[in-house]
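Peer 1: Generate a structure from the sequence data that follows.
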Amino acid sequence: MKLKYFAWVRERIGVAEENLDPPDSVRTVGELIGWLAGRGETYAYAFEKPGVIRAAIDQTHVKPDTLIAGAHEVALFPPMTGG
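Peer 2: Residues are numbered from 1 along each chain as shown. The predicted model follows:
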């Protein structure tokens, strides 16, 4: 699946997107974020506060308990403000 990172999530990880194949035990967006946080220091820093991370699956905003099975793209980003 393609993972896309935005704003300070991208800056902390150091890449805008990557293709990854999470293990079968990773079933939800929240579990994906937890798995990513364990991939190394930059990921741990990017996802140190998982509760603030927002996600979209195939360009539709979703909640952390949303299943990722069948997703082509998962985007992860911090909260946004308008203005």
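
Peer 1: On the three-state scheme, residue 9 is what?
Peer 2: helix (DSSP: H, G, I helix; E, B strand; the rest coil).

Peer 1: scratch that, residue 64
Peer 2: Strictly by three-state DSSP, residue 64 counts as coil.

Peer 1: List phi and psi for it.
Peer 2: phi -60, psi -30 (degrees, to the nearest 10).

Peer 1: Now do the same for it: its pLDDT.
Peer 2: Note on residue 64: pLDDT of 97.

Peer 1: same question, the one 10 residues further on
Peer 2: Turning to residue 74, the model gives it a pLDDT of 98.

Peer 1: That one: helix or strand, and which one exactly?
Peer 2: Using DSSP states H and E, residue 74 falls within strand 73-77.

Peer 1: strand partners of that strand, parallel vs antiparallel please.
Peer 2: strand 2-5 (parallel), strand 54-57 (antiparallel) (DSSP bridges).

Peer 1: Which residues are in contact with the closest residue to residue 34 other than its chain neighbours?
Peer 2: Once flanking residues are discounted, residue 34 sits nearest to residue 50: 6.7 Å by CB to CB, 6 or more residues apart in numbering. In short, each C-beta sits where N, CA and C put it, glycine included. If you count contacts by CB atoms under 8 Å, 6 or more residues apart in numbering, residue 50 has them with 30, 33, 34, 37, 64.
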